[in-house]
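Q: one predicted model, sequence on top.
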Amino acid sequence: ANPEAAQQFERAIEASRGVEEASDDDVRELWVKLGDVRERLGEFDASLQAYRRASALTEGDPAARADVVLKRARAKERAGRYSAALAEATRARKVAEEAGLDRVRARALGQAAILRQAQQRPEDAMKAARTAIAAAEAIGDEVGLARAYSVLDYALVMTGDLAGATNSQTSLEIYRRLGMAEDEARIAPNLGAYEYWRGNWNQALRLYEEGRATLERLGNVVDAAHTAANIGEVLVNQGRFDEAEEPLMTARRTYAASGFGEGLAFVDVLIGRMHGLRGDLDAADSSLRSAIDESRALGLDASTLEASVHLADAACRAGSPERGLAILAEAEAEAPDTYADYYAPLIARIRGSILDSAGRTDASREVLELGRSMAAERGEPYEEALLILTLARIDAAGVDADEQSRAREMLRTLGVRSIPGIDL
């Protein structure tokens, strides 16, 4: 287990002091391994401290120096220090270029792409991923290629090309062929996310659960928390709130302990939704406001918008539709066009419901009809079904029985068991 491994590395480092036979290379490797273990445990500050000690032992070895700098970039990214992480990735790339280290250069370009993904900047991530892919292909670096493919798929999905996001399967095959069990387990949730977006929720849950079990067995607590949060997201959407609570709260405890702000922002949105759908509107308000604060602190535009949309819904459920509309308007005004477009069907559903609560039925119907058309065109069955049934709740005569039956069947296919306010 990683905690025991960390203790072993610390004892080995202590034992190496004053031993003439212990070379700088040997001690550096111990510090690197200690940093790796601390990073898996979510102890990012301790991880960075270990990598700094390793860096001090890279004099005259540019390959070792660049590798350690890349590890520092990853640890800083995980800690939410994106600008510092990007600076480290750039530093590693420059060291590699000066020393003619093509593999390290390709990995540094890949790390820069990962950072753009973490910053929720899909256009920049796509550009960086394509650059990293070209560099990895040029030298036959399969691992670098696999990692860049994963970022490219994220960027394709976020910019509206879900059908084109097929590269992560190749990444999985590379990791399996090379026997990289941890990387294989970490990409399984990515594949789960694509199945989730395609409407294959049972398959998504299977991939998430397999990934979580493997990551927990390997002691990678932070990535296991990611998959737990993904599981919770599906369960919340299916109306399985009691089952969702364990993975969501487990993920939150892990993120809070490690100081992983990006994870906290994500899981607090889901916890807020869970509370709101259960009818605990004060708790929903608190969690969603926390998510907004966490997202804004890290400059995460997508998370800020999503949390704000659900906060608007909670405000309406609490009896303040006008406040809900104001929250929505402010959130859309602040959001980049990419994310306003990505979340458009969700925004239409929430705005339409709020407008109806405010007594503006005609405006509500118009917004919901537009949202339904968008969801259908994009192949988003969950939002399409909810938009249809929300329209039916507002104006039963305006949605024929066959259309309502089709919507309910879509939700049953997704495994949805209950949705407050919607007759299934």
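A: Structure received. Residues are numbered from 1 along each chain as shown.
Q: name the helices or strands packed onto whichever strand or helix holds residue 151?
A: Taking DSSP states H and E as the criterion, residue 151 maps to helix 142-158. Applying 3 or more CB pairs under 8 Å, 6 or more residues apart in numbering; DSSP states H and E, one finds that helix 142-158 contacts helix 102-118, helix 122-139, helix 168-178, helix 181-197. For the C-beta atoms, the positions are set from N, CA and C on the backbone; glycine is no exception.
Q: mean pLDDT lowest where, among the ones you listed?
A: With a mean of 90, helix 181-197 has the lowest mean pLDDT of these.
Q: contacts for that helix?
A: Helix 181-197 is contacted by residues 143, 146, 150, 153-154, 157, 162, 165, 168-169, 171-172, 175-176, 201, 203-208, 210-212, 214-215, 218, 220, 223, 226-227, 230, 233-234, 380 when judged by CB atoms under 8 Å, 6 or more residues apart in numbering.
Q: tilt between that helix and helix 168-178?
A: With axes from the mean of the first three to the mean of the last three CA atoms, to 10 degrees defining the directions, helix 181-197 sits at 160 degrees from helix 168-178.
Q: helix 181-197 vs helix 142-158, what angle?
A: 20 degrees.
Q: list the buried ones in helix 181-197?
A: Neighbour-count burial for helix 181-197, counted by 16 or more other CB atoms under 10 Å, picks out 182-197.
Q: tell me what the following helix or strand past it is packed against?
A: Where DSSP H and E defines the elements, the next helix or strand beyond helix 181-197 is helix 201-218. Counting by 3+ CB pairs under 8 Å, 6+ apart, the packing neighbours recorded for helix 201-218 are helix 181-197, helix 221-237.
Q: how far off centre is the last one?
A: Its chain's average C-alpha position is 10 Å from that of helix 221-237, according to CA atoms, centre = their mean, to the nearest Å.
Q: what's in contact with the helix or strand following that helix?
A: Note on helix 221-237: by DSSP H and E, the next helix or strand toward the C-terminus is helix 241-258. With contacts defined as CB under 8 Å, 6+ apart, helix 241-258 is touched by 41-44, 78, 212, 221-222, 224-226, 228-229, 231-232, 235-236, 260-261, 263-264, 267-268, 270-271, 274, 277-278.
Q: output stretch 57-69 as CSV, restricted to C-alpha atoms.
A: In CSV, the C-alpha atoms belonging to stretch 57-69 read as follows (Å, rounded to 0.1, in the frame of the first residue of the first chain):
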residue,chain,number,x,y,z
LEU,A,57,20.4,15.9,-7.4
THR,A,58,20.1,16.3,-11.2
GLU,A,59,23.2,18.4,-11.8
GLY,A,60,24.7,17.5,-15.1
ASP,A,61,21.9,15.2,-16.1
PRO,A,62,19.3,17.1,-18.2
ALA,A,63,17.2,14.0,-18.8
ALA,A,64,16.7,13.4,-15.1
ARG,A,65,16.2,17.1,-14.5
ALA,A,66,13.5,17.3,-17.2
ASP,A,67,11.7,14.2,-15.9
VAL,A,68,11.6,15.6,-12.3
VAL,A,69,10.4,19.0,-13.5
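Q: pull out the buried residues from it.
A: By neighbour count with 16+ other CB under 10 Å, stretch 57-69 contains the buried residues 57, 58, 64, 65, 66, 67, 68, 69.
Q: contacts for it next, please.
A: Contacting residues not belonging to stretch 57-69 are listed as 24-25, 27-28, 31-32, 51, 54-55, 88-89, 91-92, 95-96, 98-99, 101, 104, 108 [CB under 8 Å, 6+ apart].
Q: repeat that with 7 Å
A: For stretch 57-69, the external contacting residues (CB atoms under 7 Å, 6 or more residues apart in numbering) are 24, 27-28, 32, 51, 54-55, 88, 91-92, 95-96, 99, 101, 104.
Q: and that stretch, how far out from the chain middle?
A: 31 Å.
Q: flag the shaky bits of the protein, pLDDT-wise.
A: Flagging of the chain using pLDDT under 70 yields the residue ranges 1, 18-21.
Q: out of the contacts of stretch 57-69, which are buried?
A: Here, 16+ other CB under 10 Å leaves 27-28, 32, 51, 54-55, 88, 91-92, 95-96, 101, 104 buried among these.
Q: return the member of these nearest to residue 354.
A: The closest of the buried ones among the contacts of stretch 57-69 to residue 354 turns out to be residue 88 (CB to CB; 44.1 Å).
Q: ok so the closest one is a helix residue?
A: Yes: Residue 88: assigned to a helix according to DSSP: H, G, I helix; E, B strand; the rest coil.
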